[in-house]
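Student: no FASTA, just this:
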Ligand SMILES: COc1cccc(COC(=O)c2cn[nH]c2)c1
């Protein structure tokens, strides 16, 4: 997979050189390229923003530097020329990024991230970009950050860890929160007794059927307590009768 990130703070993306993502780059699984938007300005002050038409506080990112940067990135195409790369614009006004979306995007050959700052990017860039990209404004959650870089770090990690060869044991990708529509069950490790708190005995029983049942029950309870919205989505009909009483 090729990922391109355009930002006025390229150093914000330095953590992507670390750990599993860094290793994926060394192993050639991920080709990550970070571009400084200011390299695509032409004026002496290398300006990337200006005051908003219609008034209001804050500044808006100018269109031309973005068009220059994104054209350069589009030209450095990865994979099949027919398929437009996906342009992800982290934004409070985007579609919600989910684990399901992470899986979908992990199947793409090229992802481009545009890191907005200030009050946002001139809307005409989004319209213009449709010609070269499949444009997807995307939100991490209902809150506002100062820019898209932090969201790119999170989305990149969520997507790249799903690529074959990135995490040591692919098994660990199967049973994780949201993979089956429910939150993950609680986990424990040695010692079995810690500050007078015991590990649930079923987990020490060696009875794998009972352990699986206990874990499923815990997933439902946790989801009902912490994310009832998810449970509404998850077909409660899947719920074994014994577990329904727990909700
Ligand atoms: C594209 O324009 C803007 C403007 C302002 C901030 C940002 C950064 O993204 C977020 O704030 C965000 C992403 N998910 N949830 C919040 C982008």
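Tutor: Noted; the coordinates are in hand. Bear in mind that the values here come from a model prediction, so they are computed numbers and not experimental data. Numbers count the residues shown, from 1 in each chain.

Student: the nearest residue to residue 35 once chain neighbours are set aside bridge partners, please.
Tutor: Excluding the flanking residues, the one nearest residue 35 by CB to CB, 6 or more residues apart in numbering is residue 6, at 4.7 Å. Where C-beta positions appear, they are placed from N, C-alpha and C, glycine not excepted. Taking DSSP bridges as the rule, residue 6 bridges to residue 35, residue 114.

Student: all numbers from here: first residue = 372
Tutor: Renumbered: residue one is now 372, and that last one reads residue 377.

Student: does residue 377 touch residue 445 like I think?
Tutor: No - with contact defined as CB atoms under 8 Å, residue 377 does not count as touching residue 445 (11.3 Å).

Student: give the residues shared as contacts by those two.
Tutor: Common contact partners of residue 377 and residue 445 (CB atoms under 8 Å, 6 or more residues apart in numbering): residue 483.

Student: count of neighbours near the residue nearest to residue 406?
Tutor: 26 (other CB atoms under 10 Å).

Student: just to check, residue 546 is in contact with residue 554?
Tutor: No - Residue 546 sits out of contact with residue 554 when judged by CB under 8 Å, with a separation of 11.6 Å.

Student: who has more neighbours, these two?
Tutor: Applying other CB under 10 Å to residue 546 and residue 554 shows that residue 554 carries more neighbours, namely 21 against 12.

Student: near the ligand, anything from stretch 511-525?
Tutor: Yes - using CB under 6 Å from any ligand atom, we find that stretch 511-525 touches the ligand at 511, 512, 514, 515, 516, 518, 519, 522.

Student: where does the residue lying closest to residue 420 once chain neighbours are set aside land on pLDDT?
Tutor: Closest residue in space to residue 420, ignoring its immediate chain neighbours: residue 430 at 4.0 Å, by CB to CB, 6+ apart. Looking at residue 430, its pLDDT is 98.
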